[in-house]
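In: Just a sequence and a predicted model for now, questions to come.
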Amino acid sequence: MKYKKLRVIISGGGTGGHIFPAVSIANKLREVNPETEILFVGAEGRMEMEKVPAAGYRIVGLPILGLQRQLTPANVINDIKVPFKLCQSLHKAGKVIDGFKPDIVVGVGGYASAPLLWKASRKKVPTLIQEQNGFAGLTNKILAKHVGSICVAYEGMERFFPADKIKFSGNPIRSEIHPYGDAEKAEGLEYYKLNPGKKHILIVGGSLGSGTLNKSMKNWIEAGCPGGEDVEILWQCGKYYKPGIDSFMEGRDLPFIHHTDFIGRMDLAYACADVIISRSGASSISEICAARKAAVFVPSPNVAEDHQTHNAMALVNKGAAMIVKDADAVEKLIPTALALVHDSAAIAEIERNVAPLARLDAAQTIIDEIYKLVKE
C-alpha cells in the first residue's frame, strides 16, 4: 500500500497511558511517510505539553478543564470554571482546525480530545478514536456516534460503541517492547547490575510513582523481607516518592533491593524480570503482554469507571495475569509476587496465556484505518 502525505491532528493526553499511544501513532505515521505533517493538541498545564515536544512533535494547548468529583473548595472553584473553559476550548479547537487544515483528527482520550473531535466532526473532517481501556470513558461514548472509526484494545466493546465502527487494533506501544530472549535478559541483568543467580521482580509505579505499591514494599521490608532470600527487586518508586523512600532505606543493608525514581531502559527492565508488579493502566498492560511476562496487577481505585480493574480482569479471566486489590495490597501484594516468582510452572502458564493477547502490529493497524477513512 502506498501511503500518501497527510496532515494529521492527534489530540488528547493527561496521563502517560494516553500520551505514549499517541506518540506511537505519530511515529508510525512518520515511518510510513516521512513527509506527513503532525500537530498535537493537548490540555494546558498537563503532562503532554512537556512529553510531546520531548518526542519531537509540535503541540498546541487548549484551556480545557475536567470535572473533579471530590468535594473540596479548590475542586468546587475548578468545576465552576469548567463550562467557560469548554467554550473557550471549542472556539480555539475550531481555529486550530481551520488553520492547520487536517486530513484527519485522531483522539486518544484525555480532556483535549472532546472539543477537537467535536469540532472536527462538525466541520466534516474525518475522525478516529483510539480507546485504550476495556471500559470506555464517558467522553468517548458521547463522541462515538460522530466519529468515523473506533480502534479498540479489548473484546466486547460493542457495549459502548456502534459495532460497525469498531476496529480491533490493540494498543500501540513503544517499538522497543517485544518478547525477549536470553541475550537480552543477560544484557538487562548487566545494565541494572543484578545477580544472574537470583530471581527478579520488577515493580513499576509509573513516572510519578504509586503510593500503594511503595507502602507494600515498605511493609514487607519492615517485616524483615520474608521469602526474599533468593530474590532481587528493581523498584521504580517514582519521582514524587523518591525522597521519602531514600530516607526510609537509609541505614538499611538491603543490597538486593534497587530503588529508583525512573527507569530509562524499560525494555531491559522487562527483559530481566521474572515477575512484574504494576498498576493496570492500558499502556502498561499492553507492554507487559508484548513482553510476554507474568504480572501481578494492582488496579488503581482513583480512575474513572474503575477501568483499571476491567483492564486487569480481561487478562485474569484468561489465566494471563494475577490481581491484588488496592485495599489488600499492603499485606498481600509482595507475598503474592514472591509465591509466583518461586513457582516456575505458574509463570510458564501465564506466559503461554498472555502471548496470544499481544498486538505488536497495533500502530500499523491504526495507520491503515486512518488511511481508509481519508480515502473515503
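Out: Noted; the coordinates are in hand.
In: What's the first helix or strand after the worst-scoring helix or strand of the chain on mean pLDDT?
Out: Taking all helices and strands of the chain together, the one with the lowest average confidence (mean pLDDT, DSSP states H and E) is helix 73-100, at a mean of 78. Where DSSP states H and E defines the elements, the next helix or strand beyond helix 73-100 is strand 104-107.
In: For that following strand, list the C-alpha coordinates in PDB.
Out: C-alpha atoms of strand 104-107 as PDB (Å, rounded to 0.1, in the frame of the first residue of the first chain):
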ATOM      1  CA  ILE A 104      -8.000  13.600   9.700                       C
ATOM      2  CA  VAL A 105      -8.200  14.200  13.500                       C
ATOM      3  CA  VAL A 106      -7.300  11.300  15.900                       C
ATOM      4  CA  GLY A 107      -8.400  11.300  19.500                       C
END
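In: So which elements touch that strand?
Out: When contacts are defined as 3 or more Cβ pairs under 8 Å, 6 or more residues apart in numbering; DSSP states H and E, strand 104-107 packs onto strand 7-11, helix 113-122, strand 127-131, helix 362-375. Yep, even glycine has a C-beta here, placed from its N, CA and C like the rest.
In: among these, which is the most enclosed?
Out: Looking across those with neighbours counted as mean count of other Cβ atoms under 10 Å, the highest average goes to strand 127-131: a mean of 27.
In: Quick check: can you name the pairing partners of it and their directions?
Out: Partner strands for strand 127-131, per DSSP bridges, with pairing direction: strand 104-107 (parallel), strand 149-152 (parallel).
In: Please identify the most buried of those.
Out: Per-stretch averages of neighbours, counted by mean count of other Cβ under 10 Å, single out strand 104-107 among the strands paired with strand 127-131, with a mean of 28.
In: Contacts for it next, please.
Out: Residues from elsewhere that reach strand 104-107 (Cβ atoms under 8 Å, 6 or more residues apart in numbering): 6, 8-12, 22, 25, 97, 113-114, 116-117, 120, 125-130, 140, 143, 147, 366, 370, 373-374.
In: Would you mark the buried spots in stretch 177-193?
Out: By neighbour count with 16 or more other Cβ atoms under 10 Å, stretch 177-193 contains the buried residues 177-178, 180, 184-185, 187-189, 192.
In: from the middle of its chain, how far away would that stretch be?
Out: Taking Cα atoms, centre = their mean, to the nearest Å, one finds the center of stretch 177-193 at 22 Å from the center of the full chain.
In: Over to stretch 256-276?
Out: Averaged over its C-alpha atoms, stretch 256-276 has a centre that lies 17 Å from its chain's centre (Cα atoms, centre = their mean).
In: on that earlier part again, got JSON lines for the buried residues of stretch 177-193, with pLDDT, secondary structure and distance to residue 45 too?
Out: Putting those into JSON lines (pLDDT from 0 to 100; DSSP: H, G, I helix; E, B strand; the rest coil; distance: Cβ to Cβ, whole Å) gives the following:
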{"residue": "177", "pLDDT": "90", "secondary structure": "coil", "distance to residue 45": "29"}
{"residue": "178", "pLDDT": "91", "secondary structure": "coil", "distance to residue 45": "34"}
{"residue": "180", "pLDDT": "94", "secondary structure": "coil", "distance to residue 45": "37"}
{"residue": "184", "pLDDT": "96", "secondary structure": "helix", "distance to residue 45": "38"}
{"residue": "185", "pLDDT": "96", "secondary structure": "helix", "distance to residue 45": "40"}
{"residue": "187", "pLDDT": "96", "secondary structure": "helix", "distance to residue 45": "38"}
{"residue": "188", "pLDDT": "96", "secondary structure": "helix", "distance to residue 45": "36"}
{"residue": "189", "pLDDT": "96", "secondary structure": "helix", "distance to residue 45": "40"}
{"residue": "192", "pLDDT": "95", "secondary structure": "coil", "distance to residue 45": "34"}
